[in-house]
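Participant: Below: sequence and its predicted model.
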Amino acid sequence: MKVWTSLDQVPGDERSVVTIGNFDGMHQGHRKVISTCVERARRDHVDAVACTFDPHPVRVHHPDADFRLITPLRDRLDAMASTGLDATLVVHYDASVYMLDPEEFVVQYLVERLGAVEVVVGEDFRFGRRNAGTVDTLRQLGRRHGFEVIVVTDIEDPTGRRWSSSWVRELLEAGDVAGAARVLGRLHRIRGTVEHGYKRGRQLGFPTANLGEDIEGLVPADGVYAGWLVRRVPGTTADEFLPAAISVGTNPQFDGTRRTVEAHVLGRSDLDLYGERVAVTFVDRIRPMLTFDSVERLTAQMDDDLRRTAAVLGVAVTGRVDPDSVTAH
């Protein structure tokens with residue numbers, strides 16, 4: 001999939017079926033819209049193109065809001081590429097975009113540059129200055145400028161709830177990463193750079209990779225999770241998935257105040273990940289964050305966490321590692 005980051009990069013003879021959206025999280029509803037775009041483009045023998053926005057409009061219009069993307073742009077584009085799109089235009093979202101009225105946006109982006117023969121959108125699509133444009137507005141503009149509008153109906157889970165980014169956020173903020181995965185259609189992941197921590201886990205036999213403050217992606221609720229630490233194999237372009245018990249929280253056992261994400265790779269004491277950019281993928285929540293009346297009770301619980309994590313991930317059960325065997329410094 002080609003990625004264009006400005007209108008100037010779009011070929012002058014482009015003809016396409018276009019879909020438009022933020023696509024944060026790339027959940028199953030987004031996939032249905034984009035898949036429809038791809039199917040119709042193949043039928044029309046033109047390119048399937050998505051138009052998405054970065055930064056997210058909420059960050060621009062409400063910069064003080066506590067808002068974190070569900071999915072970093074890199075992962076969003078990877079998920080979009082997996083649908084079969086030929087190209088994605090990443091529109092830099094600023095006043096030059098959000099001050100356009102609906103027809104100005106349609107002409108500048110869809111007609112003059114992307115050469116849209118069809119535009120595929122969801123039922124709740126809004127666009128243009130102050131979100132004044134609706135699906136009906138888009139249809140009117142399509143008749144005026146020569147493209148057809150295809151509206152994809154919302155898809156719902158068996159309970160009748162519509163798949164949405166807001167639902168994914170609710171589930172993650174409740175710690176239900178398994179539920180979020182059902183809506184997303186894949187496991188939720190975040191990315192960050194491994195930094196030095198207090199090394200308390202190492203002293204107890206549970207060395208962890210601590211993610212720094214540059215985390216991308218929505219961090220789930222405090223608790224202990226089963227998941228995977230994903231790293232690039234040094235000297236290659238391949239990734240490896242390492243089974244991990246993941247702790248999210250402020251470490252109340254030791255009166256911590258800073259919220260952190262720490263991943264203990266099961267059975268490994270030979271990893272030196274400091275400075276590496278890694279991903280952490282969440283499979284299921286093992287338990288909430290707790291405080292124990294002794295370090296012995298804490299370590300006993302952590303032993304149980306390792307057993308339960310191994311069972312969830314379907315890997316061999318491991319115990320604590322020898323603190324003296326840890327190679328990272």
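Facilitator: That came through, no problem.

Participant: and after the lowest-mean-pLDDT helix or strand in the chain, which helix or strand comes next?
Facilitator: Within the chain, no helix or strand scores below helix 200-203, which has a mean of 62 by mean pLDDT, DSSP states H and E. Downstream of helix 200-203, the first helix or strand assigned by DSSP states H and E is strand 209-211.

Participant: Break this protein down into its structural domains.
Facilitator: Following automatic domain parsing, one finds the domains of the chain at 2-152, 187-325.

Participant: Now do the contacts for the residue nearest to residue 3 when sequence neighbours are not counted.
Facilitator: For residue 3, ignoring the flanking residues on the chain, the nearest one in space by Cβ to Cβ, 6 or more residues apart in numbering is residue 88 at 5.5 Å. Every C-beta, even on glycine, is put in place using the N, C-alpha and C of the backbone. By Cβ atoms under 8 Å, 6 or more residues apart in numbering, residue 88 lies in contact with 1-4, 49-52, 77, 80-81.

Participant: Now with 6 Å, please.
Facilitator: Residues counted as contacts of residue 88 (Cβ atoms under 6 Å, 6 or more residues apart in numbering) are 3, 50, 80.

Participant: Give the burial count for residue 62, as a bare number.
Facilitator: 11 (other Cβ atoms under 10 Å).

Participant: Could you report the separation of it from residue 103?
Facilitator: 26 Å (Cβ to Cβ, to the nearest Å).

Participant: can you check residue 7 too?
Facilitator: With Cβ to Cβ as the criterion, residue 7 and residue 103 are 17 Å apart.

Participant: quick one: strands adjacent to the host helix or strand of residue 263?
Facilitator: Using DSSP H and E, residue 263 falls within strand 260-265. Using DSSP bridges, strand 260-265 pairs in its sheet with strand 209-211 (antiparallel), strand 239-249 (antiparallel).

Participant: of those strands, which approaches residue 164 most closely?
Facilitator: Smallest distance to residue 164 across those (Cβ to Cβ): 23.4 Å, for strand 239-249.

Participant: Report the buried residues of that closest one.
Facilitator: For strand 239-249, a neighbour-count test (16 or more other Cβ atoms under 10 Å) marks 242-249 as buried.

Participant: Excluding its own residues, what touches it? List them.
Facilitator: Contacts of strand 239-249 (Cβ under 6 Å, 6+ apart): 222-225, 227-230, 232-233, 261-266, 280, 289, 305-306, 309, 313, 315.

Participant: among those residues, which ones are buried?
Facilitator: Looks like the contacts of strand 239-249 have 222-225, 227-230, 261-266, 280, 289, 305-306, 309, 313 buried, using 16+ other Cβ under 10 Å.

Participant: Give me the subset of the residues you listed lying in helices.
Facilitator: Per DSSP state H, helices hold the following members of the buried ones among the contacts of strand 239-249: 305-306, 309, 313.

Participant: ok, so of those, who is nearest residue 270?
Facilitator: residue 306 (17.2 Å).

Participant: residue contacts, the closest one?
Facilitator: By Cβ under 6 Å, 6+ apart, the contact set of residue 306 is residue 245.

Participant: Roughly how far does it sit from residue 206?
Facilitator: In terms of Cβ to Cβ, residue 306 sits 8 Å off from residue 206.

Participant: got it, and residue 233?
Facilitator: 24 Å.

Participant: residues contacting residue 50?
Facilitator: Residue 50 touches 19, 80, 85, 88, counting by Cβ under 6 Å, 6+ apart.

Participant: Disregarding flanking residues, what is the spatial nearest neighbour of it?
Facilitator: residue 88 (4.6 Å).

Participant: In three-state terms, label the one you found for me.
Facilitator: The three-state label given to residue 88 by DSSP: H, G, I helix; E, B strand; the rest coil is strand.

Participant: measure residue 294 to residue 306 for me?
Facilitator: 19 Å.

Participant: Could I get the full set of helices for the protein?
Facilitator: Remark: helices assigned in the chain by DSSP H are 28-44, 57-61, 73-81, 95-98, 102-105, 135-145, 165-173, 177-184, 200-203, 295-313.
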